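Enquirer: okay, predicted coordinates and the sequence, questions at the end:
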Amino acid sequence: MFAALLAPAALSLLATTFTEPKERAKAFGVFGAIVGAGAAIGLLAGGLLTEILDWHWCLYVNVPVALVAFAGARALLAPGGRHPDPHLDVPAALLGSGGMLALVYGFSEAALATWWAFGALLPAALIAGVVVNAGRAPTPQGGGAGARAGGHAGLRPYLM
């Protein structure tokens, strides 16, 4: 799951960092080699863990990686300041989370019922609510450069 979220971010970082076509091609080649090697090693390591120990260890293997990442972040990153006006957009959080929950439920029930059953219409209504709410929000969700564009720039976190 984490790799599925991290891969598009890494690819966009590569695309914006390497502007010359030759450098960009080399960066994408290195990225592809690392992804391929990681997939192969992950399958082998997962097979070894399940054969030698138990399948639960495939989940526990992320704990040391997370601890190393946390320690590195504490050591290398400077503490950031707080936003002067923290704001939680509760309707957006509820609509976005409810829409994703209803979408997963709708997909799981689509095999047993029709696509236009309650399980398929509810996610569409909730996601439409996210779009309407993002247009009305005083500060677009997600911040960053897209927030300056105004309008529906706040939909970026929901679309990733």
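Expert: Structure's in. What do you need? Residues are numbered from 1 along each chain as shown.
Enquirer: just the helices in this protein please.
Expert: Along the chain, the segments classed as helices by DSSP state H run 2-17, 21-52, 57-60, 62-76, 90-109, 118-136, 156-159.
Enquirer: with respect to residue 84, which of those lies nearest?
Expert: Comparing the helices of the chain against residue 84 with Cβ to Cβ, the closest turns out to be helix 90-109 (19.8 Å). Where C-beta positions appear, they are placed from N, C-alpha and C, glycine not excepted.
Enquirer: low-scoring stretches of the chain, by residue?
Expert: Within the chain, the ranges that satisfy pLDDT under 70 run 1-5, 110, 113-121, 136-160.
Enquirer: residue 123: how many residues sit nearby?
Expert: Around residue 123 there are 19 other residues, counting by other Cβ atoms under 10 Å.
Enquirer: quick one: it and residue 106 touch, right?
Expert: Yes - contact criterion Cβ atoms under 8 Å: residue 123 and residue 106 qualify, at 5.2 Å.
Enquirer: columns distance to residue 83 on top of the helices of the chain, output as JSON lines?
Expert: Converted to JSON lines, the helices of the chain look like this (distance: least, Cβ to Cβ, whole Å):
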{"stretch": "helix 2-17", "distance to residue 83": "22"}
{"stretch": "helix 21-52", "distance to residue 83": "33"}
{"stretch": "helix 57-60", "distance to residue 83": "34"}
{"stretch": "helix 62-76", "distance to residue 83": "19"}
{"stretch": "helix 90-109", "distance to residue 83": "17"}
{"stretch": "helix 118-136", "distance to residue 83": "19"}
{"stretch": "helix 156-159", "distance to residue 83": "16"}
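Enquirer: what's the spacing between the residue of the chain positioned farthest from its centre and residue 58?
Expert: Among the C-alpha atoms of the chain, the one farthest from their average position, using Cα atoms, centre = their mean, is that of residue 52, at 32.0 Å. Look at residue 52 and residue 58: by Cβ to Cβ, to the nearest Å, they are 11 Å apart.
Enquirer: ok now do residue 57, which residues does it touch?
Expert: 49, 50 (Cβ atoms under 8 Å, 6 or more residues apart in numbering).
Enquirer: can you tell me how far it sits from residue 103?
Expert: On the measure of Cβ to Cβ, residue 57 and residue 103 end up 32 Å apart.
Enquirer: what's the answer for residue 133, then?
Expert: Relative to residue 103, and taking Cβ to Cβ, residue 133 is found at 17 Å.
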